[in-house]
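Kindly return the folded structure for what I paste below:
(2 chains)
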Amino acid sequence: MRSIPQTMIWELWRHGRWNLIAAALGAIAMPAFFFAVLRQEGVVDFRDSSQITMHMALLLMNLAMFIAAGFGAQEPPSRFYALPVTTASLVAWRMFPVMTVTALLSAMSSAVLNAAFGVGWPILGPALFSAVLVAAVQSAIWSTDKSGWEVPVMALVTGCAGVWFKSCYGAITSQPSFFWTEVTTVEIATLAAFAALAYCVAVNGVSRARRGDTLPGLGMIPWLDRLLDPAPASGASFRSAAHAQSWFEWRQKGRLMPAITIFGIIAGCCIWLISSRDATTLYEGILAGGGLVSAAGLLGGLVLGNCGSSDADLSMGQFLATRPMTSTEMARTILKTGAKGLLLAWIIWLAALLTISLVLRAVEAAPRPLLPRGIEWWYFPASLVGAWTMMGLMAWVSLAGRSKLLLQLLAGLFITFIAISMLAKLALSRQAAQQFFVGLPVVVAALSTIGTVMAFVAARRRGLVGWPTIYVAVSFWATLSAVAHAADVMQASQRPAVLATMVGIAALAVAPLATAPLALAWNRMR
Amino acid sequence: MHEPFPSSAPPVVDIRRVSRRFGDKTALDDLSLSVPRGGVFGLIGGNGAGKTTLIKHVLGLLKAQSGTVAVFGLDPVQNPVGTLGRIGYLSEDRDLPNWMRVGELMRYTQAFFPNWDERYAEELRETFDLDVSAKVKELSRGQRARAGLLVALAHRPELLILDEPSSGLDPVVRRDILGAIIRTIADEGRTVLFSSHLLDEVERVADRVAIIHQGRIVLTAAMDEIKDTHRRMTLRFQHPLERPPSLVGTLSLAGEGAEWTYICSGESGQLRSAAEAIGATVVGDASLTLDEIFVSRINA
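Reported below is the predicted structural model:
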């Protein structure tokens, strides 16, 4: 390499080319999939104002992918501190290539979608915004690295960016009303000023970090730390190894699901305050939170199953692996922690729903009937079982401790989902496609049930589960299936398919009892 | 009761014909090793020689792809509680939970080991100058090593496994405290298996040594025996020689003309007789340091 900039750009490409290519493909494939399906269904009108919301959502999703790919491609600036390069130059050549790549990816994905579907997405504005946002995020991270300021500053940057972005599509507190097709000179100048500011802040932050100075704190983080994590009373011992391990797991992972739920409720209320302020919307939003708890179970499971010594490394650390404890006991502790956290999260959601319902009734703004059409009592236990199933599935994958496998599995599932959907939409008649989509969950449910049985057989053979666990699993599965049967969930015509699906979900709900110890043992003893 | 070393009791660790591959790389190659009960067993080898892989097999963190591993007569993979409950382990990467406080780490670890000696743990904490309320993430590398050592020692394990224990420790702790602890454990009839790059340290504390190279054990013997059976002999021949005749057990040789220095394995008397047999006069005969023995063995 002839120069430092060349070297840094080469490194960005060499290290992150596959991430960047995958992000570019993902940014085109995902919207393309949606538009292909919607066009096939004949339910899309690209002139409709709802397309603006869809554009914004997909664009932000793409932006998140580009930023993740860009960051994944780069090493932190600290790796270059010992090299003979000025901080200004270092920051510039870490920042500008990623800004350029992000802007290009954004423009390219919009241009391809415009050409393929005629969606009429704006190109210049979002591309410039992407570049500036990535610079602002880099600047915030580099300037606040390893300090208590990281989260508040990132929240501020994200908030400001969100407000700016929304304002380009209409008033901030109402539905978006137009595309950001015309980029004014003032907007370009403002974005350029933000980019320059981000650069200056980053140079200042990196310079400070390079000379070993730390960011002055307000004392809030140590105060929060003391509040949330007080020094333990001395002398009190744990009753048993299992008790100690439960404490270990809870302290590390148990608070995540309740925290996500509380954050979700607060964020939801804030968004409602800014955008709607309609009582029914608030109530329905919190009610829908039950489904979001299930979705959060995916993240909860990923964290719950991570036994690595860092977030990036899922392989079990030697400290944990050398605990004189069986893999079954360890897996049981992890599952118990997950169940406890999940139950707490679910109770918090239920309490929030009840509180809001009571408040709205007290001010006579409560929606009637209490539950929207199509949702009955089963929604509440189903949200809990759904969340548990999601959590169990992800915990199993994470517990196996193979990051590469996890990525391959997620990518495989995503690609299979898109491929099957596209195939069914494009290759089958409407009637055949309908039958296919009714039959598909039944096949998946049958495979889930068979897979669960196989997991129990394998775990039993390895001595990782005892007969009492198997009896509990079978009883729970039978109870869940019976409850699903009792719930009048669907129309009579679809009832057999729905029931079969429920039986499959019930099997997945008990599967972690076998898959967790199997995966953990596989991770622990390689 | 302190048994004589090497003990007549069954070995604490018995590894037989274990092989392990990671992709194309052979980490352990048909390796056999027996660690007798009692005493200090030093495992030495270069980077990537297979020391940590071997230790992970002993701990049951890696399954032998072929061969068998027995610790206290048990398979550590099949019976982790029975084996790990009797082992104290300090890992090379000082993998401790960052979020814990030192006091919490002690209480947490105590729960797993019924033999945990609270008084001894407190004594070690004071010796290592560790603050109970300090978080592990706030500890320096040396303090982390001390904290790791504390929790490995406080339950008075039958087998103490130390993977590069000196890494991160300052010379005072390394020489005075670690050395003293290791010797105390050995004197109590327990077993210490430790790997190290610092051969002078191994030489100072180990009773028995195994040299591992490219996944194979190239030498294992008692320290005294190793030192007795490796000599540096300087021989003088009657006439200058371009290539001196070989001597039994030669590992390396250097010199020119009529005077050549041999690094040999063998006892002094035997080597002297052999030298006379090839018509040479012994002008120098010295024992070797472990460092020299290691280098000559690896390069042989």
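
near chain B at all, the helix or strand A:A455 falls within?
Here A:A455 sits within helix A:430-461, counting by DSSP states H and E. No. Shown here: helix A:430-461 not in contact with chain B (C-beta under 8 Å from any C-beta of the partner chain), separated by at least 13.3 Å. C-beta: built from backbone N, CA, C; applies to glycine.

Next SSE downstream of that helix?
Criterion used, DSSP H and E; the element after helix A:430-461 is helix A:467-486.

which other residues reach that following helix?
Applying C-beta atoms under 8 Å, 6 or more residues apart in numbering or on different chains, the contact partners of helix A:467-486 are A:378, A:381, A:385, A:456, A:460, A:499, A:502-503, A:505-507, A:509-510, A:513-514.

That one vs helix A:430-461, what angle?
In terms of direction (axes from the mean of the first three to the mean of the last three C-alpha atoms, to 10 degrees), helix A:467-486 departs from helix A:430-461 by 160 degrees.

if we can go back for a sec, list buried members of the contacts of helix A:467-486 by neighbour count.
Buried subset of the contacts of helix A:467-486 (neighbour count, 16 or more other C-beta atoms under 10 Å in any protein chain shown): A:378, A:385, A:456, A:499, A:502-503, A:505-507, A:509-510, A:513-514.

Run through the neighbouring helices and strands of the helix or strand containing A:L298.
Under the criterion of DSSP H and E, A:L298 resides in helix A:279-304. Under the contact criterion of 3 or more C-beta pairs under 8 Å, 6 or more residues apart in numbering or on different chains; DSSP states H and E, helix A:279-304 touches helix A:256-275, helix A:327-362, helix A:379-399.

again, only using 10 Å
When contacts are defined as 3 or more C-beta pairs under 10 Å, 6 or more residues apart in numbering or on different chains; DSSP states H and E, helix A:279-304 sits against helix A:256-275, helix A:327-362, helix A:379-399, helix A:403-427, helix A:512-524.

is the helix or strand just after that helix anywhere near chain B?
Sequence order places strand A:308-310 as the next helix or strand after helix A:279-304, per DSSP H and E. Yes. Strand A:308-310 reaches chain B (C-beta under 10 Å from any C-beta of the partner chain) through A:G308, A:S309, A:S310.

A:V203 against A:A135, yeah?
No. Between A:V203 and A:A135 there is no contact under C-beta atoms under 10 Å: 11.8 Å.

about what we covered before: for the helix holding A:A455, which residues meet the burial criterion?
For helix A:430-461, the neighbour count (16+ other C-beta under 10 Å) marks A:A433, A:F436, A:P441, A:V442, A:A445, A:S448, A:T449, A:G451, A:T452, A:A455, A:F456, A:A459 as buried.

Quick one: neighbours of the closest residue to chain A within the stretch 201-300 of chain B, just the number.
Residue nearest to chain A within the stretch 201-300 of chain B (C-beta to the nearest C-beta): B:G215, separated by 16.8 Å. Other residues lying near B:G215 total 22 when counted by other C-beta atoms under 10 Å in any protein chain shown.

Of the buried ones among the contacts of helix A:467-486, which is the nearest to chain B?
Using C-beta to the nearest C-beta, A:A514 comes nearest to chain B of the buried ones among the contacts of helix A:467-486, at 18.9 Å.

any idea how far the nearest residue to A:S109 once chain neighbours are set aside lies from chain B?
Spatial nearest neighbour of A:S109, excluding adjacent residues (C-beta to C-beta, 6 or more residues apart in numbering or on different chains): A:A27 at 4.0 Å. Taking C-beta to the nearest C-beta, to the nearest Å as the measure, A:A27 falls 34 Å from chain B.

hang on, A:A27 in a strand?
No. The assignment for A:A27, made by DSSP: H, G, I helix; E, B strand; the rest coil, is helix rather than a strand.

Do me a favour and get the backbone dihedrals for residue 88.
Using chain A here. Main-chain torsions, A:A88, degrees, to the nearest 10: phi -60, psi -40.

my bad, the chain I had in mind was chain B
Dihedral angles (degrees, to the nearest 10) for B:G88: phi -110, psi 130.

after the worst-scoring helix or strand of chain A on mean pLDDT comes which helix or strand?
Scoring the helices and strands of chain A by mean pLDDT, DSSP states H and E places helix A:220-228 at the bottom, with a mean of 64. Per DSSP H and E, the first helix or strand lying C-terminal to helix A:220-228 is helix A:241-249.

A:L353: how many residues sit nearby?
18.

My error: substitute A:A36 in the last question.
A:A36, neighbours per other C-beta under 10 Å, totals 18.

for it, helix, strand, or coil?
Classified using three-state DSSP, A:A36 is helix.

That one against A:M422, yeah?
Yes. Under the criterion of C-beta under 10 Å, A:A36 makes contact with A:M422 at 6.6 Å.

Quick check: residues of the stretch 301-450 of chain A near chain B?
Contact residues (C-beta under 10 Å from any C-beta) of the stretch 301-450 of chain A with chain B: A:308-310, A:316-327, A:329-330.

Could I have the buried ones of those residues as ChimeraX selection syntax?
Selection of the buried residues among these in ChimeraX, burial being defined by 16+ other C-beta under 10 Å:
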select /A:308,309,316,317,318,319,320,321,322,323,324,325,326,327,329,330
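
quick one, what contacts the residue lying closest to A:L344 once chain neighbours are set aside?
Here the nearest residue to A:L344 in space, its sequence neighbours aside, is A:P258; by C-beta to C-beta, 6+ apart that works out to 4.6 Å. Neighbouring residues of A:P258 by C-beta atoms under 10 Å, 6 or more residues apart in numbering or on different chains: A:G300, A:K340, A:G341, A:L342, A:L343, A:L344, A:A345, A:W346, A:I347, A:I348, A:W349.

For chain A, which residues score under the pLDDT cut-off?
Applying pLDDT under 70 to chain A flags residues A:1, A:43-44, A:46-47, A:173, A:217-222, A:224-235, A:366-370, A:374, A:487-495.

What helix or strand is residue 182 located in?
Going with chain A. Going by DSSP H and E, A:E182 is not part of any helix or strand.

Oops, wrong one, chain B.
Element membership of B:I182 [criterion: DSSP H and E] is helix B:179-187.

Tell me the first helix or strand C-terminal of that helix.
Taking DSSP H and E, what comes next after helix B:179-187 is strand B:191-196.

Any part of that next one near chain A?
No. Applying C-beta under 10 Å from any C-beta, one finds strand B:191-196 separated from chain A by no less than 13.8 Å.

Give the pairing partners of that strand; include direction for each.
strand B:39-44 (parallel), strand B:159-163 (parallel) (DSSP bridges).

Nearest to A:T281, out of these?
strand B:159-163 (59.2 Å; C-beta to C-beta).

List the buried residues of the helix holding B:I182.
Neighbour counts over helix B:179-187 (16+ other C-beta under 10 Å) mark B:G179, B:I181, B:I182, B:I185, B:A186 as buried.

Using TSV, lay out the residues you listed together with distance to chain A and pLDDT.
Converted to TSV, the buried residues of helix B:179-187 look like this (distance: C-beta to the nearest C-beta, whole Å; pLDDT from 0 to 100):
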residue	distance to chain A	pLDDT
B:G179	24	73
B:I181	19	79
B:I182	19	80
B:I185	18	83
B:A186	22	78
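
Can you tell me which of the residues you listed lies closest to A:A288?
Of the buried residues of helix B:179-187, the one sitting nearest to A:A288 (C-beta to C-beta) turns out to be B:I181, at 60.0 Å.

ok, back up a step: out of the residues of strand A:308-310 next to chain B, who's nearest A:G162?
Closest to A:G162, out of all of those and judged by C-beta to C-beta, is A:S310, at 30.0 Å.

Just list the residues touching the closest residue to B:I278 other than its chain neighbours, thanks.
Using C-beta to C-beta, 6+ apart and skipping residues adjacent in sequence, the residue nearest B:I278 is B:P245, 4.7 Å away. B:P245 sits next to B:L235, B:F237, B:W260, B:A274, B:A275, B:A277, B:I278, B:G279, B:A280 when contact means C-beta under 10 Å, 6+ apart.
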